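In: Sharing a model that was predicted from the sequence below.
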Amino acid sequence: MHIQVKGQKIKFNKVELLVLEQGIENLFVSFDKKTLNELTLQKKYEHLQEEASRHAQHVIDWPAGKALKQLKDEGNIFYKQFLNNYGDLTYTRFIVNGEDELLKQKGIYTIIVNNELKFCGVCARTFKERFNQHIGNIYAKGCFRDGTATHCHVNANITLMLPDNDVHFAIYPMEDEKEMNSLKNAIINRFEPEWNLRSNRDLYELTSVF
């Protein structure tokens, strides 16, 4: 795949997804390292202490994931305030298949669906680590407010596209992080990938509600 941007034609290398598991729901339930009460003592959650005493007192000493699932089952949407904006969606577990020497590098990555550029991001570490250990393997704590909202967001969007569409990554190795961010921003400004823009818009809408 080639992308024309900043007056140059850049070749991206295709990386296939190998799906291991689909339809993963309620992933946050598995988080049991802290109780719900212990979470409210942390900075990211301390503003929820008063509401938790009203809406979740009966599960306040339960493991956090189990407590939130109980609230969800009761129809109490307060549980969502402990999660990031994309922390209660349906996910897929996958790994990538491509040239190993390329995957050991870092740089710019894009997500392509049916030949349409949907997302552009930066890998400051290796592509293989980002895809296999993070985007392709959402973990329970990553669903929480202090977790990894972008990984949840991207994985959930990929999940919506599978298995009926052609979904793959396309990567462009780079070394300099400043240049990576410059190219990423240029690609986003040039092509306005849907998932990049949706992330910002959803964040604004959810912030406005709460």
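Out: Structure's in. What do you need?
In: Tell me who's in contact with the spatially most central residue of the chain.
Out: Centroid-nearest residue in the chain, with CA atoms, centre = their mean: residue 151, separated by 1.6 Å. Residues in contact with residue 151 (CB atoms under 8 Å, 6 or more residues apart in numbering) are 134-135, 138, 142. Where C-beta positions appear, they are placed from N, C-alpha and C, glycine not excepted.
In: element containing it?
Out: helix 149-161 (DSSP states H and E).
In: Keeping just the C-alphas, turn that helix into CSV.
Out: Provided in CSV are the C-alpha atoms of helix 149-161 (Å, rounded to 0.1, in the frame of the first residue of the first chain):
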residue,chain,number,x,y,z
ALA,A,149,-9.0,3.6,26.1
THR,A,150,-7.4,3.8,22.6
HIS,A,151,-6.6,0.1,22.5
CYS,A,152,-10.2,-0.7,23.6
HIS,A,153,-11.6,1.7,21.0
VAL,A,154,-9.5,0.3,18.1
ASN,A,155,-10.0,-3.4,19.1
ALA,A,156,-13.8,-2.9,19.4
ASN,A,157,-13.9,-1.3,16.0
ILE,A,158,-11.9,-4.1,14.4
THR,A,159,-14.3,-6.5,16.1
LEU,A,160,-17.3,-4.9,14.4
MET,A,161,-15.6,-5.4,11.0
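In: how about it: buried residues?
Out: 149-159 (16 or more other CB atoms under 10 Å).
In: Stretch 40-51 too?
Out: Under the neighbour-count criterion of 16+ other CB under 10 Å, stretch 40-51 has 40, 45, 48 buried.
In: Pick out the most distant pair among the contacts of residue 151.
Out: Pairwise distances across the contacts of residue 151 (CB to CB) peak at 10.3 Å, for the pair 135 and 142.
In: what's around residue 188, how many residues?
Out: By the criterion of other CB atoms under 10 Å, residue 188 has 17 neighbours.
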